[in-house]
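In: Quick one, fold the following:
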Amino acid sequence: MKQSSSLLALLAILSCSACATQHHGRLERKAASALPAGPVARDETARMEQVADGVYVIVHDNATDEWPHGNTGVIVGRETLFVVDSTYLPSRAKADIALIRQVTNKPVRYLMTTHWHFDHNNGASAYRDAFPNVELVAERNTARWIDLNATYWSKMSTAPQSTRRAALTALETTLAAGVDEKGTAFSDTDREARAHVIAQRKAELDDLASLVVLTPTKLFDERLDLDFEGRRIELVNWGPANSPDDSTIYLPKERVLFLGDILVQSPLPFVGACWPIQWVDVLAKLEQIPADVIVPGHGPVLHDFEYARAFREFLETTLVRVEALAREGKTLDEVKATLDLSDVRARVPAWNVDVTADDWTYTVTTLAERAWRAVRGQG
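Out: Residues are numbered from 1 along each chain as shown. From the prediction side, this is the model:
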């Protein structure tokens, strides 16, 4: 059969389109393979990874046995830098700046905070000290929560008779006695581990005692789109999820999405003060964003939404089961004692490595209380 000229033209267009798609795919794979295989900079407790052209993530070890540092993002513009989150302690933020300077000498123009939890913003003063002209960016309510809660936390933690100081004294006493709280003698390994915990907690209190609380002044409400020196950066406040107002940072060209604590793998998610009903909706919407790099608030950089979907299922299952228990007239204590999420846990590999029974129980019972209040319209 003789083909018409229009059909030949269509076939030519499709052929060119297919070639272009294949070429684009090769370019993407080439660009991805061009990224360094390991950290581009590191120190004893942090690693700086390149995740896209001019985009980096600093992943930290925990600050203490009780508190983590949030992940930090670094976006390189033509002349300056845009940084996402500033860790729990100013001393760690200062060390991050040293890592950044191993990659670029450009100054930080913007420091964005994803939410008010102080493991993501207490380090802001280190950036202000190093870069006096830095603009502190946050969603409007988040700025207010930062000011209040960082002030509260530093004063409460470092008061002479604070529970944190008492706990440190107890640790020092047992180390000096050579036995733990149950009277068991320390091995050399136990002694070294206890000494390490004590050193971390002392450093934490030193940082908190001299903490300078900085309130963001470049504020936005629902959304702020920036043309950052040749890069488009989209800041979005999703409202209640992990915190009262959780913001994300998205680079559409680079397909990089910074989620803050909307997503955490450390290895368990953080659920202590969350809004689980709204959180489910936020996750479902975020999963529609075309992203090749997903940066959680804590934990390793991800390259798809598989873990996010598993976490959303965790929240959804919790809400369904807690509502069923509430309809049976169960009290909160009974809900905490009854709720079983082991089947969901079994489907998430990250939640079955280096997770103690106590940590899992804490996560489940904490989320159970938030869900119990949420399904009953109390939070």
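
In: Can you give me every residue that contacts the spatially most central residue of the chain?
Out: By Cα atoms, centre = their mean, the chain has its centre lying nearest to residue 297, at 0.6 Å. Contacts of residue 297 were listed using Cβ atoms under 8 Å, 6 or more residues apart in numbering, and they are 70-71, 85, 114, 120, 242, 259-264, 270. Where you see a C-beta, it was placed from the backbone N, CA and C, and this is true even at glycine.

In: so where does it fall, helix or strand?
Out: Taking DSSP states H and E as the definition, residue 297 sits inside strand 293-298.

In: Pull the distance from that strand to the chain's centre.
Out: Distance of strand 293-298 from its chain centroid, counting by Cα atoms, centre = their mean, to the nearest Å, is 6 Å.

In: How about stretch 228-242?
Out: How far stretch 228-242 lies from its chain's middle: 14 Å, per Cα atoms, centre = their mean.

In: Can you list the buried residues in it?
Out: Neighbour-count burial for stretch 228-242, counted by 16 or more other Cβ atoms under 10 Å, picks out 228, 229, 231, 233, 235, 236, 237, 238, 239, 240, 241, 242.

In: mean confidence for the strand holding residue 297?
Out: Mean pLDDT, computed over strand 293-298, is 98.

In: Quick check: next helix or strand after that strand?
Out: helix 306-327.

In: So what touches that following helix?
Out: Contacts with helix 306-327, where a contact means Cβ under 8 Å, 6+ apart, come from 263, 265, 269, 276-277, 279-280, 283-284, 286-287, 294, 302, 334-335, 338-341, 344, 347-348, 350, 367-368, 371-372, 374-376.

In: Can you name the next helix or strand after that helix?
Out: Later in the chain than helix 306-327, the nearest helix or strand by DSSP H and E is helix 332-338.

In: pLDDT below threshold where in the stretch 1-150 of the chain?
Out: Scanning the stretch 1-150 of the chain with the threshold set as pLDDT under 70 gives 1-33.

In: Check the gap between residue 334 and residue 317 for me.
Out: 18 Å (Cβ to Cβ, to the nearest Å).

In: which residues of the stretch 151-300 of the chain fall in strands?
Out: Ranges of strands within the stretch 151-300 of the chain are 218-220, 223-228, 231-237, 247-251, 256-264, 293-298, based on DSSP state E, counting those that start in this stretch.

In: Run through the bridge partners of the nearest residue to residue 222 once chain neighbours are set aside.
Out: Of all residues not flanking residue 222 in the chain, residue 237 sits nearest, at 5.5 Å (Cβ to Cβ, 6 or more residues apart in numbering). Beta bridges link residue 237 to residue 247, judged by DSSP bridges.

In: looking at it, residue 237 is touching residue 244, isn't it?
Out: No. Using Cβ atoms under 8 Å, residue 237 makes no contact with residue 244, being 10.2 Å away.

In: Need the overlap of contacts for those two.
Out: If you check residue 237 and residue 244 against Cβ under 8 Å, 6+ apart, no residue is contacted by both.
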